[in-house]
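Asker: Sequence first, predicted model second:
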Amino acid sequence: MTKVAVCQIRSTADPEHNLRVSSSVIREAAKAGAVACFLPEAADFIVKATEECRRLSLPLSRHGYTLGLQELAKELGVSISVGVHDVPEDGQDDEPDSLRVFNTHVLIDKDGSIKAKYSKLHLYDVELIQDGRVKRIGESDRVRPGQSIVAPADVEGFKVGLEICYDLRFPELSIILARMGADVLTFPSAFMLPTGKAHWATLLRAAAIQYQVYVLAAAQYGAHHASRSSWGESLAFDPWGRELGRLRSVEEPGGDYDGSGEFFLCDIDHDVINETRKQIPLAIQKRADMYGVVGERGPE
């Protein structure tokens, strides 16, 4: 068994503050025995203005928040999964005048190197009914869609598939990652309140059961600014659908959340994966002769 930590924070507009909070919760989790820590989407910052988002987004080679976590990973000897905003390296940007950035999931190895990075494929462009009014949310106004699927990366002997938030609603990506050998699917997220309450836990548990993998979902929690709040309720499920850990949502009692970060520990175990797949052998029962193979393009 391998012990991991699923962490919950409330990012602000200040990347340095967010790095301090993230580092603190990672240190506490490592002290408690975690060998890998999973943080939410947009852990580096959450801001209101598109222009501010672009100003704060940097190439990973100069990204202060990510570089700080790389140093911490090396110091503590832990792997870190985290969501950040970034832009291409200098001279490599095909949209150099654009305000749009990438929403990226970075997997940092315990030696401090970046083992894998994935940019979100599916952007949250929706029209929700709230208080009788239509509220349009257009992630694509400030974020560019990713253009590649990233093969699962090794973390402590487990193949970890990288996804982000809204990707959870598109089974094709998870199917491809599972077919590529994923033992774990990760969904760093910042679900909004209406969809968090209605869909979040159900989608995550269904993913664990359907793809017979561990699902680790670190979430943003609480009010980031006057017009943006996140649901919280970080969760983990095993391949049988059993809940392994859960943190509070914004609707739960427990006092004001001070933004200092929190986490839970859970164990991931190859024996549980193997036993689940042995009892219900989905992989060998698929009817590709009838419906083909999802995602022939595959990872790049």
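Answerer: It's in. Numbering: from 1, shown residues only.

Asker: ok now do residue 144, which residues does it touch?
Answerer: Residues in contact with residue 144 (CB atoms under 8 Å, 6 or more residues apart in numbering) are 95, 98, 100-102, 119. Every C-beta, even on glycine, is put in place using the N, C-alpha and C of the backbone.

Asker: Just give me the closest of these to residue 250.
Answerer: residue 101 (26.2 Å; CB to CB).

Asker: Please determine how far that closest one is located from residue 241.
Answerer: 35 Å (CB to CB, to the nearest Å).

Asker: Comparing the two, which shows the higher neighbour count?
Answerer: residue 101 (23 against 16; other CB atoms under 10 Å).

Asker: Grab the nearest non-local neighbour of the more buried one.
Answerer: Leaving aside its sequence neighbours, residue 101 sits nearest to residue 57 (CB to CB, 6 or more residues apart in numbering; 4.0 Å).

Asker: swap in residue 136?
Answerer: residue 127 (5.2 Å).

Asker: ditto for residue 95
Answerer: Closest to residue 95 by CB to CB, 6+ apart is residue 144, at 6.8 Å.

Asker: Check the gap between the residue positioned nearest the centre of the chain and residue 94 for me.
Answerer: Nearest to the mean C-alpha position of the chain, counting by CA atoms, centre = their mean, stands residue 188 at 1.6 Å. Look at residue 188 and residue 94: by CB to CB, they are 26 Å apart.

Asker: Residue 180 too?
Answerer: 27 Å.

Asker: quick one, which of those two is more surrounded?
Answerer: Taking neighbours as other CB under 10 Å, residue 180 and residue 94 compare with residue 180 leading, 16 against 7.

Asker: Quick check: buried residues in the helix ranked longest in the chain?
Answerer: Counting by DSSP state H, the longest helix found in the chain is helix 15-31. Neighbour counts using 16 or more other CB atoms under 10 Å place 15, 18-19, 21-23, 25-26, 28-30 of helix 15-31 among the buried residues.

Asker: Name the residues that touch that helix?
Answerer: 5, 7, 9, 11-12, 37, 39, 43-45, 56, 64-65, 68-69, 72, 76-78, 80, 82, 259-263, 265.

Asker: need the buried residues of helix 15-31 in a markdown table with distance to residue 151 and pLDDT, can you?
Answerer: Output for the buried residues of helix 15-31, formatted as a markdown table (distance: CB to CB, whole Å; pLDDT from 0 to 100):
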| residue | distance to residue 151 | pLDDT |
| --- | --- | --- |
| 15 | 29 | 98 |
| 18 | 29 | 98 |
| 19 | 29 | 98 |
| 21 | 31 | 98 |
| 22 | 26 | 98 |
| 23 | 29 | 98 |
| 25 | 28 | 98 |
| 26 | 25 | 99 |
| 28 | 31 | 98 |
| 29 | 26 | 99 |
| 30 | 27 | 99 |
